[in-house]
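>>> Need the 3D shape of this:
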Amino acid sequence: MLKKFKPDMICKSILDIDLETLIKRGINYLIIDIDNTIVAWGEFEVRDEIIDWLEKARKMGFKICLVSNNQKDRVKKIESILGIPAIYNAKKPLKSGFLKASYLLHQGKKNHQTAVIGDQFFTDVIGAKRLKLYVVLVRPLEEKEFFVTRINRIFERKILKYYEKDERE
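Predicted coordinates:
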């Protein structure tokens, strides 16, 4: 069952994602998590290198939508800073937030061309895989996180070790 939810790509950071590889796979749409994927948890400042990466992706033709389980005020502020549409209170890993983003990007008709990028297995990966979307799991920007997330990380580490072991065999 765990193999069903295995991320398609695992990277240290969003900055390590090879956009050319995504294009070669037919990916044209990106649904990107906010907290600890592009912005440190609880902060509003987006690092310059991440802004540059997002701009590079847009120049290469990717359409982007941000998705977060966080509240409206925080998500809308980051949306306005980056000029990228965003879905707040997405309730990941439920499908609804990803479906809203897919509809915003392509009326939900091109999920086979859509990748989800996020830092959490139990929200980003499971939610995206339930919709059969391509998934890139990145390591969190910072260790500072919501207390529930810290608990999830304990189990997430065990699952990621399982995937590593499975790949070696």
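>>> What's the separation between Leu66 and Gly83?
11 Å (CB to CB, to the nearest Å). C-beta coordinates here come from the backbone N, C-alpha and C atoms, glycine included.
>>> of the two, who's got more company?
Here Leu66 and Gly83 are compared on neighbour count by other CB atoms under 10 Å; more neighbours surround Leu66, at 24 against 10.
>>> Isn't that one up against Ser80?
No. Using CB atoms under 8 Å, Leu66 and Ser80 do not qualify as a contacting pair, with a distance of 11.2 Å.
>>> any residues in contact with both of these two?
Shared contacts of Leu66 and Ser80, defined by CB atoms under 8 Å, 6 or more residues apart in numbering, are absent.
>>> Could you count how many residues lie near the nearest residue to His112 once chain neighbours are set aside?
The shortest distance from His112 to any non-neighbouring residue, by CB to CB, 6 or more residues apart in numbering, is to Gly26 (7.2 Å). Other residues near Gly26 come to 12 when the count uses other CB under 10 Å.
>>> roughly how far apart are Gly26 and Leu19?
As judged by CB to CB, Gly26 and Leu19 stand 13 Å apart.
>>> Next: Glu55.
For Glu55, the distance to Leu19 (CB to CB) stands at 12 Å.
>>> I figured Ser68 hits Lys91, correct?
No. Proximity of Ser68 to Lys91 does not meet the contact threshold set by CB under 8 Å, at 10.3 Å.
>>> The two: which is more packed in?
Neighbour totals were compared for Ser68 and Lys91, and Ser68 leads with 26 against 13 (other CB under 10 Å).
>>> how close does the spatially closest residue to the more buried one that is not a sequence neighbour get to Glu20?
Closest residue to Ser68 in three dimensions, ignoring its sequence neighbours and counting by CB to CB, 6+ apart: Ile34, at 4.1 Å. Taking CB to CB as the criterion, Ile34 is separated from Glu20 by 24 Å.
>>> Just want to know which of the two has more residues nearby.
Remark: of Ile34 and Glu20, Ile34 carries more neighbours, 26 against 9, as counted by other CB under 10 Å.
>>> is it true that the more buried one touches Leu66?
Yes. Proximity of Ile34 to Leu66 meets the contact threshold set by CB under 8 Å, at 5.4 Å.
>>> what residues are shared contacts of the two?
Contact with both Ile34 and Leu66 is made by residues Val75, Ile78, Ala86, according to CB under 8 Å, 6+ apart.
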